[in-house]
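[1] This is a predicted model, with the sequence first.
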Amino acid sequence: MSTAKPTAAQLFEAELGRLGVRFEHGPEPMLYKARVDGVDLEVNLENVARNYARDGDPAGVKTFAAQIAAFRREKDPPWKDARRSVFWVAEPGDFDFGTTVREPVTKEVVRVLVRTDEKVTKLSWITAETIEAWGIPEQEVRAAASANLARVLSSVRVETMDVKGMKLGMVPVPSALKASVIFAPNFKALVEKELGWPVLVVIPCRDFLYVWAEKDGGLVDRVGGVVQEEYRTSGYPITTEVLRISDDGITTIGAFPG
């Protein structure tokens, strides 16, 4: 007799209960109110629930609950402690970014400065106020973010699969940074030996990246369905654009329907 798979909400609520976090339901199904360390938190489970529906892996839901339970009122760490945890990440351009430090990449993509937790599972946007509190030039934070992405790529190799005689590449890095490695200064060095240069890339969501040689343009038609599925089902969608990366930078050559 089979047992029904628990929903994301059931997993989340059970984990909060196990961790001793008191909560109540918000005005909509995926919204919650929790009180942790004397602070009232408004929690939205929607993105995590979408990933759970896509992957069927409860670990993401449990990790999110653990992050809520571990919340503490604290200031940003001093720069000497934070500098190795700052990165550039790809985000969709239609967010309200406030005073975050960012720059446009394409019509649909921006890159934003963030700080991560130790396990690189939680991303916090870095604001101009944070940099002012650190007392350092913004350019130093930007440089550290690029250097840290380069460090992430320094110990990995592109993994490839053969598709009708063409090489389709993937980059085995932490999920939260996977799409963002296109901003690493050593991205060309990573992919050129295996795939050539320039390359085409798709980053439909935060934890997904395909890369292939521009000369293997036939792969565009073969990845479209996967790109659309990942974009529609991920908790952290970015874009359905096909990006060309060359010595001249990152440009868009087209996009799949969203």
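    Yep, that arrived. Residues are numbered from 1 along each chain as shown.
[2] Would you state the helices of the stretch 151-258 of the chain in chain order?
    Secondary structure of the stretch 151-258 of the chain (DSSP state H, counting those that start in this stretch): helices at 187-195, 219-233.
[3] D162 is nearest to which of these?
    Closest to D162 of those, according to CB to CB: helix 219-233, at 11.0 Å. In this view, the C-beta of every residue, glycine as well, is placed from N, C-alpha and C.
[4] Go through the closest one and flag the buried ones.
    219-220, 223, 227, 230-231 (16 or more other CB atoms under 10 Å).
[5] what's that helix packed up against?
    helix 46-55, strand 166-170, strand 199-202, strand 210-213 (3 or more CB pairs under 8 Å, 6 or more residues apart in numbering; DSSP states H and E).
[6] hmm, 10 Å instead?
    If you count contacts as 3 or more CB pairs under 10 Å, 6 or more residues apart in numbering; DSSP states H and E, helix 219-233 packs onto helix 46-55, strand 159-163, strand 166-170, strand 199-202, strand 210-213, strand 241-246, strand 249-255.
[7] for the protein, which spans come out with low pLDDT?
    1-3, 72-75 (pLDDT under 70).
[8] per the record, what domains does it have?
    If you go by automatic domain parsing, the domain ranges for the chain are 8-69, 79-153, 159-255.
[9] that older thread, possible to save the helices of the stretch 151-258 of the chain as TSV with distance to V21?
    Formatted as TSV, the helices of the stretch 151-258 of the chain follow (distance: least, CB to CB, whole Å):
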stretch	distance to V21
helix 187-195	40
helix 219-233	28
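[10] who wins for proximity to I68 among those?
    helix 219-233 (23.3 Å).
[11] angle of that closest one against strand 249-255?
    90 degrees (axes from the mean of the first three to the mean of the last three CA atoms, to 10 degrees).
[12] before we move on, back to that, just send the helices and strands packed on helix 219-233 back as TSV, with mean neighbour count too.
    As requested, the helices and strands packed on helix 219-233 are exported to TSV (neighbours: other CB atoms under 10 Å):
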stretch	mean neighbour count
helix 46-55	18
strand 159-163	12
strand 166-170	18
strand 199-202	24
strand 210-213	23
strand 241-246	20
strand 249-255	13
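[13] between the ones you listed, which gets nearest to G135?
    strand 249-255 (31.6 Å).
[14] Which strands border the closest one, and is each parallel or antiparallel?
    strand 241-246 (antiparallel) (DSSP bridges).
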